[in-house]
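Student: Sequence and predicted structure, then a few things I'm wondering about:
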Amino acid sequence: MRHGETDWNLGNRFQGHADPPLNETGRAQARELRATLGDRDFGAVYSSPLRRAFETAEIIAAPHGLQPVPDAGLREVDVGEWQGLTREEVEQRFPEQHRGWLAFGQGWDGGETYEEMGRRVVATLLEIAQKHDGEAILCVTHGGPIRAALAAAREISHAEARRTGPAIGNCFAAEFAVEHEALRQLD
């Protein structure tokens, strides 16, 4: 699952490893997602340690009597010098890099590449699955890591996953199984 809305989402700011909290809409989205999940039985709940994800996980996990386990492997991609900037600010300060990002390239300097983030996230998901063999596990994370999982399951690049979608809005959910040490999308 992706976290609920933050004020930075509303302002089109690159969050990366920054730690803004959920706003009231984000909390309501998390409660709505919790209701949608209903009686699903989870063996555990894991979350990015960033507040927006962890608070979403706490809201969803509460009726299950579970405490989310923070895991840094589920954090969003580190967007380097773009962190905290709006898309307009990035376009003004880094026009060439911004054009490359719009063309599904990397964009920022420093930070982490999509490929590095993808390796980190997929390894984390496989490790969590190994710890909980046969159980349904909920992981609350961010748009980049979800797209990385989709790319891995489809055996395509992160750029191709960005190009082909789906759009990953707040509280987006994707379901995967782990088979033969690889992700398979269930949706």
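Tutor: Arrived safely, thanks for sending.
Student: Pretty sure residue 30 sits against residue 55.
Tutor: Yes. In this structure residue 30 lies within contact range of residue 55 using Cβ atoms under 8 Å: 7.3 Å. C-beta here means a position set from N, CA and C on the backbone, and glycine is covered the same way.
Student: Geometric centre of the chain: which residue is closest?
Tutor: Closest to where the C-alpha atoms of the chain average out (Cα atoms, centre = their mean) is residue 142, at 1.8 Å.
Student: so what's it closest to, chain neighbours aside?
Tutor: residue 76 (3.7 Å; Cβ to Cβ, 6 or more residues apart in numbering).
Student: Now do the same contact list for residue 57.
Tutor: The neighbours of residue 57, taking Cβ atoms under 8 Å, 6 or more residues apart in numbering as the test, are 45, 46, 47, 68, 138, 140.
Student: Select from those residues the one having the most neighbours.
Tutor: For these, the largest number of neighbours (other Cβ atoms under 10 Å) sits with residue 140, at 29 neighbours.
Student: What helix or strand is it located in?
Tutor: Secondary structure assignment for residue 140, by DSSP states H and E: strand 137-140.
Student: name the helices or strands packed onto that strand?
Tutor: strand 44-47, helix 51-61, helix 114-131 (3 or more Cβ pairs under 8 Å, 6 or more residues apart in numbering; DSSP states H and E).
Student: Distance to residue 182 added to those, as JSON lines?
Tutor: Converted to JSON lines, the helices and strands packed on strand 137-140 look like this (distance: least, Cβ to Cβ, whole Å):
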{"stretch": "strand 44-47", "distance to residue 182": "19"}
{"stretch": "helix 51-61", "distance to residue 182": "24"}
{"stretch": "helix 114-131", "distance to residue 182": "8"}
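Student: do you know which of these lies nearest residue 35?
Tutor: helix 51-61 (9.8 Å; Cβ to Cβ).
Student: After that closest one, which helix or strand is next? Please name it.
Tutor: strand 69-70.
Student: Surely residue 72 is in contact with residue 49?
Tutor: Yes. Residue 72 is within contact range of residue 49, at 5.9 Å (criterion: Cβ under 8 Å).
Student: Residue 93: neighbouring residues, count only.
Tutor: That count, for residue 93 with other Cβ under 10 Å as the rule, works out to 12.
Student: where does the chain have low pLDDT?
Tutor: Residues of the chain meeting the criterion pLDDT under 70: 187.
Student: so where do the helices sit in the protein?
Tutor: Along the chain, the stretches classed as helices by DSSP state H are 7-10, 24-37, 51-61, 87-93, 95-102, 114-131, 143-154, 158-164.
Student: could you list every residue that touches residue 164?
Tutor: Taking Cβ under 8 Å, 6+ apart as the test, what residue 164 contacts is residue 156.
Student: How much space separates it from residue 158?
Tutor: 11 Å (Cβ to Cβ, to the nearest Å).
Student: Many thanks, we can stop here.
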